[in-house]
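Visitor: Take this sequence and fold it.
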Amino acid sequence: MIVLGIETSCDETSVAVVEGGRRVLSNEVASSIRFHKKYGGVIPEIASRMQLEAISQVAESALKEAKVKLKDIGLISVTSGPGLLGSLLVGISFAKSLSQSLNIPILGVNHVHSHFYANFLNKKEKIKLPFVALVVSGGHTSLFYVRDFDKIELLGQTYDDACGEAFDKVAKILRLGYPGGPEIEKFALKGNPKSIKFNCSGTKGELDFSFSGIKTAVLYYLRKSNKKTGKHARSLTKDICASFQGSVIDALIKKSLFACALKKSTRLLLGGGVIANESLRNQFSAAAKKCGLNCYFPVRNYCMDNAAMVAGLGYQLFKKGYKSDLYLNIDLN
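Guide: Numbering: from 1, shown residues only. Below you'll find the predicted structure:
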């Protein structure tokens with residue numbers, strides 16, 4: 001079966017064509033990030049307006065790249081949440097229009113769940129169920145135990161800031177620009193991760209996360225350092241980035257390995273935009289190897305928001321009998 005995927009949960013407008021839930025025939029993404037840079041974050045009204053203007057052209061481009069016609073599509077899989085209200089509405093409305101006019105089945109898919117499904121795209125190796133999954137992005141930091149694609153247990157999540165959000169806010173404190181993740185990673189490579197002791201806040205739940213405290217710790221440390229030095233030195237920025245990034249990665253690894261031990265899982269899947277970070281990948285791989293775990297990462301193209309992962313997960317759920325109708329609505333949970 002060929003599935004048309006539609007993803008508009010944040011600032012990207014993405015449409016993809018995926019065959020058999022794994023083989024990506026096309027994955028077109030149009031981003032409005034250049035319009036958000038000067039604000040240091042995504043402006044929902046700008047995002048949804050740009051998506052409304054772009055989605056038809058992006059869909060046309062995806063079909064052309066995949067060399068398929070709309071009559072070849074067996075299912076339309078669309079992100080129904082969580083995400084930005086206006087942005088989600090654009091994608092769902094477009095999907096409903098196609099479904100109604102062409103009599104193609106439609107299915108709403110959870111955006112966060114689709115991130116760990118990205119591990120199954122364009123890969124020959126077969127990942128067996130069940131597994132523990134960690135999703136780390138700008139809006140979410142969540143741990144799941146996945147028995148099947150429709151049997152997903154939430155083990156833990158962030159109490160406050162998502163991990164990617166903390167990266168963006170620390171980058172803003174350091175005046176590194178937006179998005180913050182790539183900038184912090186670049187400076188961290190040249191810094192000493194053990195030069196400054198930062199810790200992520202403790203949580204009541206053993207598998208929950210908190211990144212608000214470490215962001216504040218960076219702010220206070222910088223203020224104190226500036227009083228002593230009189231200015232914000234470049235070498236100090238590198239050490240702050242390295243220490244901040246190192247502490248965050250340590251927290252993610254510790255919780256993920258504990259979840260695997262708790263569920264007696266030998267497989268750990270990671271997904272989300274932050275998983276594109278090279279240091280994170282290397283440290284997770286090393287830690288998993290020590291514990292005898294198989295650790296999986298998506299191809300980097302599928303770490304960021306994209307419609308291919310939505311199409312792939314939609315295919316798996318549709319095979320199990322799941323289907324939406326024209327009453328499909330936004331699900332922000």
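Visitor: tell me which residues in stretch 249-263 are buried?
Guide: Of the residues in stretch 249-263, 249, 250, 251, 252, 253, 255, 256, 257, 258, 259, 260, 263 count as buried by neighbour count, 16 or more other C-beta atoms under 10 Å. C-beta here means a position set from N, CA and C on the backbone, and glycine is covered the same way.
Visitor: if you look at the residues you listed, which of them are in helices?
Guide: 249, 250, 251, 252, 253, 255, 256, 257, 258, 259, 260, 263 (DSSP state H).
Visitor: which residues touch the third one?
Guide: Looking back up the chat, that one is residue 251. Neighbour list for residue 251: 200, 209 [criterion: C-beta atoms under 8 Å, 6 or more residues apart in numbering].
Visitor: Now do it against residue 302, distance only.
Guide: 24 Å (C-beta to C-beta, to the nearest Å).
Visitor: Redo the buried residues of stretch 249-263 as CSV? Include distance to residue 135.
Guide: Compiled in CSV, the buried residues of stretch 249-263 are given as follows (distance: C-beta to C-beta, whole Å):
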residue, distance to residue 135
249, 15
250, 18
251, 15
252, 11
253, 15
255, 12
256, 11
257, 16
258, 16
259, 12
260, 15
263, 16
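Visitor: Low-confidence stretches in the stretch 101-250 of the chain?
Guide: Within the stretch 101-250 of the chain, the stretches with pLDDT under 70 are 227-232.
Visitor: Might one say that residue 104 is in contact with residue 77?
Guide: No. Residue 104 is beyond contact range of residue 77, at 10.6 Å (criterion: C-beta atoms under 8 Å).
Visitor: list residues touching both of these two?
Guide: Residues touching both residue 104 and residue 77 (C-beta under 8 Å, 6+ apart): residue 4.
Visitor: Neighbours of residue 138, how many?
Guide: 25 (other C-beta atoms under 10 Å).
Visitor: Help me confirm that it comes into contact with residue 168.
Guide: Yes. Applying C-beta under 8 Å as the test, residue 138 and residue 168 come out as touching, 6.7 Å apart.
Visitor: list residues touching both of those two?
Guide: Counting by C-beta under 8 Å, 6+ apart, the shared contacts of residue 138 and residue 168 are 179, 181.
Visitor: Now residue 47. Nearest residue, chain neighbours left out?
Guide: The shortest distance from residue 47 to any residue that is not its chain neighbour, by C-beta to C-beta, 6 or more residues apart in numbering, is 4.4 Å, and that residue is residue 11.
Visitor: OK, contacts around that neighbour?
Guide: For residue 11, the set of contacting residues under the criterion of C-beta under 8 Å, 6+ apart consists of 31, 32, 33, 36, 42, 47, 50, 87.
Visitor: What of residue 21?
Guide: With contacts defined as C-beta under 8 Å, 6+ apart, the neighbours of residue 21 are 3, 120, 311, 312, 313, 315, 316, 319.
Visitor: if I look at the nearest residue to the fourth one once chain neighbours are set aside, how far off is residue 118?
Guide: Going back to what we said before, that points to residue 312. The spatially closest residue to residue 312, leaving aside those adjacent along the chain, is residue 21, at 4.8 Å (C-beta to C-beta, 6+ apart). When C-beta to C-beta is the yardstick, residue 21 and residue 118 sit 12 Å from each other.
Visitor: Also residue 50?
Guide: When distance is defined by C-beta to C-beta, residue 50 is 24 Å away from residue 118.
Visitor: Same drill for these two, tell me which one is more crowded.
Guide: In this view residue 50 and residue 118 are compared by other C-beta under 10 Å, and residue 118 has more residues nearby, 29 against 22.
Visitor: can I assume the more buried one is in contact with residue 300?
Guide: No. Look at residue 118 against residue 300 with C-beta under 8 Å: they stay out of range, at 10.0 Å.
Visitor: Counting neighbours, go ahead and name the busier of residue 104 and residue 77.
Guide: Neighbours per residue (other C-beta under 10 Å) separate residue 104 from residue 77, with residue 77 holding more: 32 against 17.
Visitor: what's the next secondary structure element after the strand or helix carrying the more buried one?
Guide: Following DSSP states H and E, the helix or strand that holds residue 77 is strand 75-81. Per DSSP H and E, strand 75-81 leads on to helix 85-102 as the next helix or strand towards the C-terminus.
Visitor: tell me which strands and helices that following helix is in contact with?
Guide: For helix 85-102, the helices and strands in contact under the criterion 3 or more C-beta pairs under 8 Å, 6 or more residues apart in numbering; DSSP states H and E are strand 2-7, helix 44-66, strand 75-81, strand 106-110.
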